[in-house]
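Student: Sequence plus the predicted model coming up.
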Amino acid sequence: MMRRILISGGFGYLGGRLAQFLSSYENHEILLGTRRQLPPPLWLPNATVVQTPWNSLTGLEKTCSDVDMIVHLAGMNAQDCAADSAMALEVNAVATARLVQAAVRQKVKRFIYLSTIHAYGNPLTGVISEETSPLPVHPYAFSHRAGEDAVRASHNSGEIEGIVVRLSNAYGAPAYKNANCWMLLVNDLCRQAINSGKLVLHSSGMQRRDFISILDVARGIKHFMELPLDKCGPGLFNLGGEASYYVIDLAKLIAVRCEAVLGFKPEIERPEPKPDEKSLELDFRIDRLKETGFCLSGDIA
């Protein structure tokens, strides 16, 4: 049975790779949501491009017509949110609520919302599970946290099958080189290695972060698409790679990999750690997801 899947932010970093991944399955018709009028992209010529008029409920209802599932990836990035916190709420929260409302009216079956690990706070430390109380402090985090509530409210009322996914740090090649992903740590360091032959950190690198390959992000989203409703529980899941690295150690891994693949080992530049600087442990748990049968692939593609 063919399923029509709308990916909002379909031309973005996650959206592009997810669309390519899902398109390999014959029973998926992929709709790439975007604000602009665009032709199907060269990297996915068989996709259908649909406009997402975020300020119009009627327009969004038209976008959601005959759609079976929505994966909501559109939103402002962290840098833009920091520059305009009011617009962050408008885009990441209000527009999300409007899309949920349109989806409910058009009887879309399932709505999957990609939120962020930073809903739990900053700095992230200790053991973090879905039972950990959210404490968002950055506009990127608290605007996504508000968007979560819109999805979960409709899920709890039985209007739609809503799933909120708190995602850690994704890495991997984009669907196309101009995707807005080069500010992400791993991607940025890989680009630095190519462009300058060195890796420059803006901190001591003693922070810990959880990382997950973009392939496993796509696999996880497909798992949520197919998860029986009785296994969705409260509709909230963490999605991470169970791989917590010090930033400096990750940079060293990239340098070693660069030497193996490209034949040179880039120098790492960073500020020295402060005398009183402490390294905080981080254990981002995905036990709830694993209990539904999901396993990480271990593939870094």
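Tutor: Looks like it came in fine.
Student: Just to be sure, residue 170 is in a strand?
Tutor: Yes: with DSSP: H, G, I helix; E, B strand; the rest coil as the criterion, residue 170 is part of a strand.
Student: how close does it get to residue 101?
Tutor: Residue 170 is 28 Å from residue 101, where distance means C-beta to C-beta, to the nearest Å. C-beta coordinates here come from the backbone N, C-alpha and C atoms, glycine included.
Student: out of the two, which sits in the more crowded spot?
Tutor: Between residue 170 and residue 101, counting by other C-beta atoms under 10 Å, residue 170 is the more crowded of the two (24 against 18).
Student: hang on, isn't the more buried one packed against residue 210?
Tutor: No: at 10.3 Å, residue 170 does not count as touching residue 210 under the criterion of C-beta atoms under 8 Å.
Student: residues in contact with residue 39?
Tutor: By C-beta atoms under 8 Å, 6 or more residues apart in numbering, the contact set of residue 39 is residue 49.
Student: and it, helix, strand or coil?
Tutor: Secondary structure state of residue 39, per three-state DSSP, is coil.
Student: Just the pLDDT at it, thanks.
Tutor: Here, the pLDDT recorded for residue 39 equals 92.
Student: Can you list the helices and strands that the helix or strand bottoming out on mean pLDDT in the chain packs against?
Tutor: Using mean pLDDT, DSSP states H and E, the weakest-scoring helix or strand in the chain turns out to be strand 244-246, at a mean of 91. Using 3 or more C-beta pairs under 8 Å, 6 or more residues apart in numbering; DSSP states H and E, the elements in contact with strand 244-246 are strand 208-213, strand 282-284.
Student: List the contacts of the shortest one.
Tutor: Put plainly, it is strand 282-284. Strand 282-284 has contacts (C-beta under 8 Å, 6+ apart) with 117, 124-128, 168, 208-210, 238, 240, 242, 244.
Student: of those residues, closest to residue 195?
Tutor: Each of the contacts of strand 282-284 was scored against residue 195 by C-beta to C-beta, and residue 209 proved nearest at 22.7 Å.
Student: need the contacts of strand 282-284 in a markdown table with neighbour count and distance to residue 137, can you?
Tutor: What follows is the contacts of strand 282-284, written out as a markdown table (neighbours: other C-beta atoms under 10 Å; distance: C-beta to C-beta, whole Å):
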| residue | neighbour count | distance to residue 137 |
| --- | --- | --- |
| 117 | 23 | 13 |
| 124 | 20 | 11 |
| 125 | 16 | 13 |
| 126 | 11 | 16 |
| 127 | 11 | 19 |
| 128 | 21 | 15 |
| 168 | 24 | 17 |
| 208 | 19 | 18 |
| 209 | 19 | 17 |
| 210 | 23 | 18 |
| 238 | 22 | 19 |
| 240 | 27 | 20 |
| 242 | 15 | 25 |
| 244 | 16 | 20 |
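Student: Looking at the residues you listed, which is nearest residue 251?
Tutor: Nearest to residue 251 out of the contacts of strand 282-284 is residue 209 (C-beta to C-beta; 11.7 Å).
Student: pLDDT weak spots in the stretch 201-301 of the chain?
Tutor: By pLDDT under 70, the low-scoring segments of the stretch 201-301 of the chain are 299-301.
Student: and with 80 instead?
Tutor: Within the stretch 201-301 of the chain, the segments meeting pLDDT under 80 span 298-301.
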